[in-house]
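S.K.: let me see the structure of the following:
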Amino acid sequence: MRQLSSSLLLSRKSIRAGIGAVALAAWLILVIAMCTHHEPWRDEVEALSIATGVGSWWQLPEALRNTGHPILWYLLLRIAFGLFHTTVVLKGLSVTVAFLAVSLFLWRAPFPLWVRVLFIFSFFPLYEYAVLARNYGIGMLLMFAFAAVYPLRKKYPLLLVLILSLLANTTLQSCIATGALALLWFWDEGYGAANSRQAKTFAVLGVCFLLVAFSILGSILCCIPDSGFAPSSALGGPGRGLGGAIAKAALLPGSDLDRILPFPFRNLLVYLLFAGLLIWPPAAVSFFASVFLYGLFFATVYPGGTRHQGLVLMTAITFYWLVRERSGAPPNRGGLGRRLLFVHKAVALFIIPALLMQYLWLSYHPIKADWEREFSSSRALAAFLRSRPDLSEAILLPEPDAYAESLFYYLSVPTYFYRQDAFGTYFLRGNRHRKDASLGELLQVARRLKKETGKPVLILMGSPPLEDVPPWERPNHDDQTFRWTSEELKDFYSSARSLASFQGSILDENYELFLLER
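M.R.: As a prediction, this is how the structure comes out:
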């Protein structure tokens, strides 16, 4: 009988392992297929251009000013490009990071197999943090790595320090998760050390704490923008008082989480996520502190888009991973302990899976749109330029400047960013360019380039097309403004000939390409 039970147990493990392997293979096939259809947008390609465009490693921090991102993603891109010398490393690195994250979750997370499979096919691991080549997927991987290594914290404390230090340097928002996980670790270990009066443990924790704190500080310093500069979508300003933002983040913690909790009762859901962790109070307090800081950050520094709010979800899942791994036997076996265990299981096995299923439904339309249509018109533009040998030496002059950044994934074209009066592969953010420009200035620069170089000049005009109607201006990103007059518009259309129009993008990277003739 005992031998039969062992055989059945091994058989069940083999079946679960087989299902997991099939699910992981299916995930990888889907992601690679979607990547082949996805055209990288300028925010994706800009990171690769910055990483490979600087002369040395030491110039990277300066190049990152005003991007709002720490250095880790750029270092990885520079290393990958140095090894393979192809822009495909942008997609390859993103898929690799996401694959490692979902593999770790699938094989190590203490959730039922159906929950683990549901997670890896939900919106963030399948698309947002895999197909879209940004730095946010590294945060998912490192949070899961922390949870997987945490049981070995006494043996390998420096490994946890390394994971947290890297996590702090993935995104500015990930500094919040870093602090919350560090708080849990130091609280957990420090409490035990205090009870046993282990001075050595306190000393080790103190050193670890300082190392993690310096990593967070370094990440923040790397993200400090030029004086007086803030991205166009940053909020901070009159009408968003700090006191009101603090109260809102503390009492209504779900207010700024509309992308991951698209329900009118999102604040209640956050409190339920908190309640499900009360079986281990340090985890509950650390998690709520992270949600509070995320809310405060979104309200006063930078608003939480889908990719940013996804990190809140990853933080919650990481804390549930840690609690489930710890609470196989609840520390309090009394009535309160049983009730807290029931709440934990209800949230972990019902509410979180329900959210993941909701993401499956919500992600259908954006994934379908990316599959069927162009995310950016840059691939079509690159194909057109390759088909015109007579334009092989042409200089590209884009307006807005940043709209040309995604082109460099497909084709290297001499590009002149006229707002900063320089050739380059990416547009410098911040106060290092002119905010206001006019069609007359653009045309003047184009004529000067043609005269000085003797090469064709292509003007890449972003959509919508310029029209001779008030107010004769349009706002661009980073608080830029582009203006024109009726006379400038007539001069432009009489001096430049339209070669092609690219209007297939589901976002804003649609263009009309003009050739300067006089």
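S.K.: and the nearest residue to Ile279 once chain neighbours are set aside, how many neighbours?
M.R.: Distances taken as C-beta to C-beta, 6 or more residues apart in numbering place Leu340 nearest to Ile279, at 4.3 Å, with adjacent residues excluded. Where you see a C-beta, it was placed from the backbone N, CA and C, and this is true even at glycine. Around Leu340 sit 23 other residues, with neighbours defined as other C-beta atoms under 10 Å.
S.K.: could you point out which element follows the helix or strand containing Leu340?
M.R.: Element membership for Leu340 (DSSP states H and E) is helix 335-346. Toward the C-terminus, helix 335-346 is succeeded by helix 352-362 as the next helix or strand (DSSP H and E).
S.K.: pLDDT on the helix holding Leu340, on average?
M.R.: Per-region confidence: helix 335-346 scores 90 on mean pLDDT.
S.K.: quick one: it to chain centroid distance?
M.R.: Here the centre of mass of C-alpha atoms in helix 335-346, compared against the chain's by C-alpha atoms, centre = their mean, to the nearest Å, lies 35 Å away.
S.K.: what angle do that helix and helix 352-362 make?
M.R.: Direction vectors for helix 335-346 and helix 352-362, defined by axes from the mean of the first three to the mean of the last three C-alpha atoms, to 10 degrees, enclose an angle of 20 degrees.
S.K.: in helix 335-346, what's buried?
M.R.: Under the neighbour-count criterion of 16 or more other C-beta atoms under 10 Å, helix 335-346 has 340-341, 343-344 buried.
S.K.: ok, now stretch 109-116?
M.R.: When neighbours are counted by 16+ other C-beta under 10 Å, the buried residues of stretch 109-116 are found to be 109-111, 115-116.
S.K.: stretch 100-111 now?
M.R.: Taking 16+ other C-beta under 10 Å as the neighbour-count basis, stretch 100-111 is seen to contain the buried residues 100-106, 109-111.
S.K.: inside strands: which ones of those residues?
M.R.: Assigned to strands by DSSP state E, none of the buried residues of stretch 100-111 qualify.
S.K.: as TSV, those residues with pLDDT and distance to Asn169 would be great.
M.R.: What follows is those, written out as TSV (pLDDT from 0 to 100; distance: C-beta to C-beta, whole Å):
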residue	pLDDT	distance to Asn169
Leu100	98	17
Ala101	98	17
Val102	98	22
Ser103	98	22
Leu104	98	19
Phe105	98	22
Leu106	97	26
Ala109	97	24
Pro110	96	28
Phe111	96	28
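S.K.: which one of those sits closest to Phe81?
M.R.: Distance to Phe81 across the buried residues of stretch 100-111 (C-beta to C-beta) is lowest for Leu100, with 19.3 Å.
S.K.: quick revisit: widest-spaced pair of the buried residues of helix 335-346?
M.R.: Using C-beta to C-beta, the buried residues of helix 335-346 reach their maximum pairwise distance at Leu341 and Val343, which is 7.4 Å.
S.K.: which neighbours do those two have in common?
M.R.: Shared contacts of Leu341 and Val343, defined by C-beta atoms under 8 Å, 6 or more residues apart in numbering, are found at Ile279.
S.K.: quick one: the residue sitting nearest the centre point of the chain from Gly304, how far?
M.R.: A centroid search over the chain (C-alpha atoms, centre = their mean) returns Tyr136, at 3.2 Å, as the residue closest to the centre. Computed as C-beta to C-beta, to the nearest Å, the Tyr136 to Gly304 distance reads 12 Å.
S.K.: one step back: C-alpha coordinates for the helix holding Leu340, PDB please?
M.R.: Written as PDB, here are the backbone C-alpha positions of helix 335-346 (Å, rounded to 0.1, in the frame of the first residue of the first chain):
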ATOM      1  CA  GLY A 335      -9.700  30.900  16.400                       C
ATOM      2  CA  LEU A 336      -8.100  34.100  15.100                       C
ATOM      3  CA  GLY A 337      -5.300  32.200  13.300                       C
ATOM      4  CA  ARG A 338      -7.900  29.900  11.600                       C
ATOM      5  CA  ARG A 339      -9.900  32.900  10.500                       C
ATOM      6  CA  LEU A 340      -6.900  34.700   9.100                       C
ATOM      7  CA  LEU A 341      -5.800  31.600   7.300                       C
ATOM      8  CA  PHE A 342      -9.300  31.400   5.700                       C
ATOM      9  CA  VAL A 343      -9.100  35.000   4.600                       C
ATOM     10  CA  HIS A 344      -5.600  34.400   3.200                       C
ATOM     11  CA  LYS A 345      -6.800  31.400   1.200                       C
ATOM     12  CA  ALA A 346      -9.900  33.200   0.000                       C
END
